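*Asks:* Sharing a model that was predicted from the sequence below.
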Amino acid sequence: MLKSTILKNTVFAVSLSVSTVGLMTVPTLSAQAAVPTNESLLNLVKVTKVVEMMNDMSSDSGITDQVTQSMLSSLPNENLSADQRQRLEEIVSKYSKEMTNNGDRESVNQQVIQVYMDTAKQHFDQTEVDAQIAFYSSKAGQSIINKQPAMMKDYMTKVMPIVMEATMEKVQDIMPRMAADIKALKLEE
């Protein structure tokens, strides 16, 4: 009987101590998993140059030219005269420039920052944000950040023709079928 009581008391004491330790570690875990502060996220935006990269990419005439060339290469133009081809290029160029032009850059920048912060809060905790700030503030981190726009430009130059061609092939396949479905719908009305 005494053995049974000692065993029960020991199990109870161990359970209580495990529970207490568990309760004591909850605040520590919560602090580590804390939602990042706006201040730290603004610091991360600054250190990683998010806004500058967006502005550089959107104002880069090379990207506009690449979009234009990708669009032109994916459009059927083999039966066009030289004059028609030139007019087509002008039209595509006009709309490519319009797509990449940011009229109200400051407003767009504020929206970009807000979306970045809202999204980061869903994916990173404060510890992770602090670690990113520490890394990207370092010499190696800044070197990576500074090389990122050129790398992305090079990447986009290579990937845009692939994406545009695949998209245009899908559009050319889908449009006649979609038009037929819409036409059939009107016939049924």
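*Replies:* Yep, it's here. Since the structure is predicted, the reported quantities are computational estimates derived from the model, not experimental observations.

*Asks:* which ones are touching Val47?
*Replies:* With contact set as CB atoms under 8 Å, 6 or more residues apart in numbering, Val47 has these partners: 132-133, 136-137, 141, 145. Heads up, the C-betas are built off the backbone N, CA and C, glycines and all.

*Asks:* Identify the farthest-apart pair in the residues you listed.
*Replies:* Ile133 and Ile145 (11.9 Å; CB to CB).

*Asks:* for the protein, what helix or strand is lowest in average pLDDT?
*Replies:* When each helix and strand of the chain is scored by mean pLDDT, DSSP states H and E, helix 2-32 comes last, with a mean of 43.

*Asks:* After that helix, which helix or strand is next? Please name it.
*Replies:* Sequence order places helix 38-48 as the next helix or strand after helix 2-32, per DSSP states H and E.

*Asks:* Could you list the buried residues of that next one?
*Replies:* 40-41, 43-45, 47-48 (16 or more other CB atoms under 10 Å).

*Asks:* could you dump these to a markdown table with pLDDT and distance to Met54?
*Replies:* A markdown table is the format used below for those (pLDDT from 0 to 100; distance: CB to CB, whole Å):
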| residue | pLDDT | distance to Met54 |
| --- | --- | --- |
| Ser40 | 96 | 20 |
| Leu41 | 96 | 16 |
| Asn43 | 96 | 17 |
| Leu44 | 95 | 15 |
| Val45 | 93 | 10 |
| Val47 | 95 | 15 |
| Thr48 | 94 | 11 |
